[in-house]
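# Generate coordinates for the sequence data below:
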Amino acid sequence: MQRMSLRSEPAAQPEPEGDGRGILHARTGLASFALARHRPSPTLAPFVDYLWTVDWDRRGAPPHVQRILPNPALHLSFEPGRSCVTGPARSAFTYELRGIGRVVGVRFRPGGARPWTTSAMSAYAGRELPVATLTRLATPDLDVTGLRAAVQDAPDASTAAVLVDDALARHRPDPDPMVDRVADLVAAVDAEPGIRRVEQLADRAGLGVRSLQRLCADWIGIGPKELVRWARLHEAAGRAASGPVDWAALAVELGYADQAHLVRDFSRVVGEPPARYARAQAD
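Numbering: from 1, shown residues only. Below you'll find the model as predicted:
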């Protein structure tokens, strides 16, 4: 599938950035479906990292089950037969692709969904909920069923993403500077392996530990300890997919007590030990 940006832009401009490490066994997955990311319109950009689309045609082939690592973002998705809000997951989750279809998803920035609802983000963690639980979208002016059908009928993924972007843009709240602060905090965890403990992240944010915990619960939905842990697991999975790994050295680098601790954490969330996962990537 040809990759296209959401808006008319110079061809040399890259796609929106995103962390592909969260797609487990990505090479197998990308042979089974077409994934693309699309820039949000300027209206949605203060709240949304990117829109994403997945197209597949499994007619005559067995279903494909894709496993995804958790991430600290709330997603809104329009899928064949359903639409939902998915909060930050507590562990890796799976999605089964069968038949033919398309999903258009909206990945909110960390903290970016908070201005859209009257509820703390902790109310969404580990849950799939109706679209209307985002208070700004609980309006008769948004025809969720019609939009879901239009996504499936659109001639291509880019057009489908525009339909969703345009529908949401009409209901967006006023920008909130706190979204930038929260998103920068999460970006720091991803970019700085030296942040290994909640106390270090609190210092980075200029907050006490309890204040940081309240901020994360309200604006992200999960605690700072989980933020650090997820970043470490994304890094470990990315290293495993890239080539041979010295697991003992990586455990030290990521702040684990020892290699066994890393192996237990990785196995519990990913569903298989890191060495086995790495071998599958090499094969």
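# contacting residues for Ala236?
250, 254, 262, 266, 274 (Cβ atoms under 8 Å, 6 or more residues apart in numbering). Every C-beta, even on glycine, is put in place using the N, C-alpha and C of the backbone.
# Could I get the pLDDT score of the second one?
Reported pLDDT at Leu254 in the predicted model: 84.
# and which of the contacts of Ala236 is nearest Trp219?
Of all the contacts of Ala236, Trp219 sits closest to Leu254, with 25.0 Å by Cβ to Cβ.
# leaving aside the residues next to it on the chain, what's closest to that closest one?
Excluding the flanking residues, the one nearest Leu254 by Cβ to Cβ, 6 or more residues apart in numbering is Arg232, at 4.4 Å.
# Need phi/psi at the one you found.
Main-chain torsions, Arg232, degrees, to the nearest 10: phi -60, psi -40.
# is it true that it touches Gly255?
Yes - between Arg232 and Gly255 there is a contact under Cβ atoms under 8 Å: 6.9 Å.
# Which neighbours do those two have in common?
Arg196.
# which one of those two has more residues nearby?
Neighbour count, other Cβ atoms under 10 Å: between Arg232 and Gly255, Arg232 has more, with 23 against 17.
# Next, work out how far apart Glu79 and Lys225 are.
31 Å (Cβ to Cβ, to the nearest Å).
# same thing with Leu35?
Distance, Leu35 to Lys225, by Cβ to Cβ: 30 Å.
# any idea how far Val65 is from the residue nearest to Leu254?
Distance from Arg232 to Val65, by Cβ to Cβ: 25 Å.
# State the pair within the contacts of Ala236 that is farthest apart.
Leu254 and Pro274 (11.4 Å).
# More neighbours: which of those two?
Taking neighbours as other Cβ under 10 Å, Leu254 and Pro274 compare with Pro274 leading, 23 against 20.
# what's the pLDDT at that one?
84.
# isn't it right up against Leu262?
Yes - the pair Pro274 and Leu262 qualifies as a contact (Cβ under 8 Å) at a distance of 7.1 Å.
# Pull up the overlap in contacts between those two.
What both Pro274 and Leu262 touch, as defined by Cβ under 8 Å, 6+ apart, is the set 236, 247.
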